[in-house]
Structure formats: structure tokens, C-alpha cells
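In: The following comprises the amino acid sequence and a computationally predicted model.
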Amino acid sequence: MPIEVILPKVDMDMATGQISRWFVDEGAAVKQGDVLFEIETDKAAMEIDAPASGTLRNIIGKEGVDIPVGEAVAWIYAEGEETGPVPEVPVNTTRTDTERSEPSSQDKFVQAAPAAQDIPVAAGAVRATPLARRLAREGGVDLSAVQGSGPHGRVVKADVETAVAGGGMKAAPAAGAPAAAAASAAPKAMPDDAVLKLFEDGSYELVPHDNMRKTIARRLVEAKSTIPHFYLTLDCELDALLALRKQLNGAAPMKKTEHGEVPAYKLSVNDLIIKAMAMALMAVPDANASWTESAMVKHRHADVGVAVSIPGGLITPIVRKADEKSLSAISNEMKDMAKRARERKLKPEEYQGGTTAVSNLGMFGIKDFAAVINPPHATILAVGAGEERPVVKNGEIAIATVMSVTLSTDHRAVDGALGAELLGAFKRL
């Protein structure tokens, strides 16, 4: 039986991905481990290897099209194995219900290759895509009363949305499910057509959201609606730090490169901020935590994520164990990760997780702002511009370079007093 080539899940937030290019043509011989194609997720581009050796056929995963995770994109046939119509997905497929979404550009192949959900199961079971099931749960819709418009009568996203909009076919709320009830009662965003009706035809253009922007939007809504944010702001004088930075950069050893001798490192203010935040978490360990419903996760190291702007959005590469690393190591690591982030070449383990984050908009002249916490973090430090300001010292007005910072905390894990202690430690450092 031919081996199925699927679009893998390479990111915990990944629901769909796009094939940016195929490296192998239809009918070509491949060996296990050969690179077949490159996928573009919301954060990175990754090369995907062949799961077996044989001949690549039935390439149905098109370049530049959103494909659900776990969807078949091609098949590999063993030598001498007959090729025919697109094979059916076996009942014992390893793809889980949560790894599939409703059909996209591959709908025309569904009739020939039904998904696992479309194969008859227990009597009275409702055929529905995972996305439709989730929307039905959130909207309190009884799926058994919804007429499916998808292949084989499968209930798809549009069917559930129609049911929700009609206000009918509501299922009785499950006992002991306050979270689901709260979700269904949450205010809904204005529908697209309602927004567009507010503007004159021809006065705008529509730019479809890419995967990155969709994921950023979803995670921001999740963060602001599920995390009780609490904000603390104070000012830090930078003159001593700037003098230290100048001294350290001046003492940097030289190394030979193809462009001649250059300093082995060049520290930025942000590098020192990363180190100070890591050390502050070590000084106030109760703030180096993540919230879960069953327990507080106390971290033994400070893994500091750093927000990096890239075309179409942002990504947060993580400096692991920043509390143990030298300033030069942090500086060189950040330069490398920022470069690869903009090229979308970061590996998932380089931007997932972490215990806190730093977002610096000082280079844009922003004085102060409040950043949104990135789960599973319990804190994020928003850094403004360093600027000369009048300050009072010993009863007299003097000029100092001052930077405003705002700490956003998850109030479930880091309350006001603990956050103030953390920010105070950061200021001292």
C-alpha cells in the first residue's frame, strides 16, 4: 500500500501550513530522508523529509495554499506498486481529530480519499470537521440537528455559523461546564460584511491574512481574554549602564573575518536589559513562574524571550538560561537568532516556551507602553526609549538619561507586591 505524505505539525500553534515549494517532481524516485518540500508556518520555513523510499505520485498539496495539519499532500509508491486513483485514508489513521480542519483547496479529492471522520463509524455518529465541532461546542449548537453541506453530508464551519446566526438548534448546556458557557456568552467580533458595509465601495482593498497574522490575532485574543493583566511602571537611570556598555565594547577582543578584523562582540542596551531581567528573576524566584490550573510552575532558569519584528508580524526567539550566560554570549546569540527570525529559519524550540519576555520599542522613540503577555509566560517587560530628562538629586535639578519600563504580569501568578519586587530588582541591576 502506498505511503501517505502528510503536512506535519511542526509548531504547537500550527493548524494549517503552506507548501512554499516542492523539491521533487511528480513521478520522481525518492529515498527515505530526502527533502520533499518546504512548508511555511506562521513563524518559520522548514524542510520536510520523505517518510519512505519509492516513487512520488499524486501530488495534491499545492504551493501557496493553506493546508490543514495532517492532510495528505502526496503518496510514495514502492517499486512495482500499481498507481491508481488517490488512495483512501485508512480507518486506523494516526491523524487525530484536533489535527484536522475543514477542507480547503483539496476538496475535489475528498470524494476519492475520504478523511477518517467521513468513514462510517458508530450508529448515529455525526460527520463533522474538527473546526465545526469546536464552533458547535462554543456556540452551544446540537450537531445532530445541523444539515451538513460538506462531502458525504459532513458538517463544516459554514453550517455551524449558519446555525449560530439563526439562533436555533441549541444544545442544553453540559453540567459543570462554566468555561464553555462563558465562552459562548463572550462578545463576538463584528462580521466581515458588517465592517465592509461601513465603507464606500472602491475606497479600500482587501489584503488576506497570512498564517502569521492569524496566529498573532488568535493568541492576542486568548492572552487578553484569559490572563488578568496587571501593570507596573517605573523609571531607570541609564548613565551608569551606558558607561559600562562603552567600557565593555572598548575592551572587546578582535577576531579575524573575511572582511578583516572586527570586535568579537558589540553589546547593545537591549543585551544588558535581557541579562538584567534574567538576573532579576533569579533574585525574585517566586516571579519566575507560569500559571496552570492545577499548579504553579516554578522555573529554575530564566529563559528570556525577545520580541523581534519581522515582515508581517513578530516572533519571540528565546535566550535559554540567560541568567548563566555572559553578555557577549547573549549579544551574539540574539544577533544570530534575530537574523534567522527575519529569514524564517528559526526552529520551533528556539521560539516556543520561555519564562518571560522583553519587548523594546525604544529605538522607535516610544517613551512607554504596556505589552501583552505571551503564554505560558507570567511577565513581559516593555522597554521605552532612553532620553535625557531633568531629575532631582540632592535637592537640585540635574540631567540624566532615563528609560521608562512597564512590567505586565499575570495577576494569578505574580501579584502587585511581587511584581513590584521584581521590577525593583531589575532597576537596581
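Out: Cool, got the structure.
In: Can you give the domain ranges for this protein?
Out: Domain ranges of the chain: 3-77, 228-254+262-428, per the TED database.
In: first to last residue in the shortest one, what's the distance?
Out: For domain 3-77, the first-to-last residue distance is 6 Å (CA to CA, to the nearest Å).
In: Quick check: mean pLDDT of that domain?
Out: For domain 3-77, the mean pLDDT works out to 86.
In: chain center to it, what's the gap?
Out: Relative to the chain's own centre, domain 3-77 is displaced by 21 Å; criterion: CA atoms, centre = their mean, to the nearest Å.
In: what's the least confident stretch among the domains of the chain?
Out: Of all those, the minimum mean pLDDT falls on domain 3-77 (a mean of 86).
In: What segments of this structure are helices?
Out: Counting by DSSP state H, the segments of the chain that form helices are 107-110, 130-139, 157-166, 178-185, 192-196, 211-226, 239-250, 269-283, 327-342, 416-428.
In: Residue 73 is nearest to which of these?
Out: helix 107-110 (10.5 Å; CB to CB). Backbone N, C-alpha and C define where each C-beta goes, glycine included.
In: Mind listing the residues bridging to residue 357?
Out: Beta-bridge partners recorded for residue 357 (DSSP bridges): residue 305.
In: That one: neighbour count?
Out: 24 (other CB atoms under 10 Å).
In: thinking it is in contact with residue 378, fair?
Out: No - contact criterion CB atoms under 8 Å: residue 357 and residue 378 do not qualify, at 10.3 Å.
In: for the stretch 101-250 of the chain, which spans come out with low pLDDT?
Out: Applying pLDDT under 70 to the stretch 101-250 of the chain flags the ranges 101-122, 124-126, 130, 151-152, 166-187.
In: let's see it at 50
Out: 101-122, 124, 170-185 (pLDDT under 50).
In: now, of the helices of the chain, which is deepest in the fold?
Out: helix 269-283 (a mean of 22; mean count of other CB atoms under 10 Å).
In: which residues sit against that one?
Out: Residues from elsewhere that reach helix 269-283 (CB atoms under 8 Å, 6 or more residues apart in numbering): 238, 241-242, 244-245, 287-288, 299, 302, 304, 306, 319, 322-323, 325, 327, 330-331, 334, 355-356, 358, 360, 362, 381, 383, 386, 422-423, 425-426, 429.
In: circling back: now the helices of the chain in JSON lines, with distance to residue 69?
Out: Below are these laid out as JSON lines (distance: least, CB to CB, whole Å):
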{"stretch": "helix 107-110", "distance to residue 69": "16"}
{"stretch": "helix 130-139", "distance to residue 69": "10"}
{"stretch": "helix 157-166", "distance to residue 69": "16"}
{"stretch": "helix 178-185", "distance to residue 69": "23"}
{"stretch": "helix 192-196", "distance to residue 69": "25"}
{"stretch": "helix 211-226", "distance to residue 69": "11"}
{"stretch": "helix 239-250", "distance to residue 69": "44"}
{"stretch": "helix 269-283", "distance to residue 69": "33"}
{"stretch": "helix 327-342", "distance to residue 69": "22"}
{"stretch": "helix 416-428", "distance to residue 69": "37"}
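In: To residue 350, which of the ones you listed lies closest?
Out: Checking the helices of the chain against residue 350 by CB to CB gives helix 327-342 as the closest, at 6.4 Å.
In: by how many degrees do that closest one and helix 269-283 diverge?
Out: 110 degrees (axes from the mean of the first three to the mean of the last three CA atoms, to 10 degrees).
In: what angle separates helix 327-342 from helix 239-250?
Out: 90 degrees.
In: Off-centre distance for helix 327-342?
Out: In terms of CA atoms, centre = their mean, the centre of helix 327-342 is found 19 Å from the chain centre.
In: got the contact list for it?
Out: For helix 327-342, the external contacting residues (CB under 8 Å, 6+ apart) are 248, 252, 264-268, 270-272, 274-275, 306, 308, 310-311, 315, 317, 319, 322, 325, 346, 350-351.
In: For ChimeraX, write a command that selects the buried ones of those.
Out: Per 16 or more other CB atoms under 10 Å, the buried members of those correspond to this ChimeraX selection:
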select :248,265,267,268,270,271,272,274,275,306,308,315,317,319,322,325,346,350,351
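In: Sort out which of the contacts of helix 327-342 are in strands and list them.
Out: Mapping the contacts of helix 327-342 onto strands (DSSP state E) picks out 306, 308, 310, 315, 319.
In: beta partners for the third one?
Out: Partner residues in beta bridges with residue 310: residue 313, with DSSP bridges as the criterion.
In: That one contacts residue 345, correct?
Out: No - contact between residue 310 and residue 345 fails when scored by CB under 8 Å: they sit 10.9 Å apart.
In: Now render the ones in strands among the contacts of helix 327-342 as CSV, adding distance to residue 24.
Out: Below are the ones in strands among the contacts of helix 327-342 laid out as CSV (distance: CB to CB, whole Å):
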residue, distance to residue 24
306, 37
308, 32
310, 29
315, 29
319, 37
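In: For those residues, which two are the farthest from each other?
Out: Maximum distance among those (CB to CB): 17.3 Å, for 310 and 319.
In: Look at residue 303 and say how many residues are nearby.
Out: Residue 303 - counted by other CB under 10 Å - has 20 other residues nearby.
In: No further questions, thank you.
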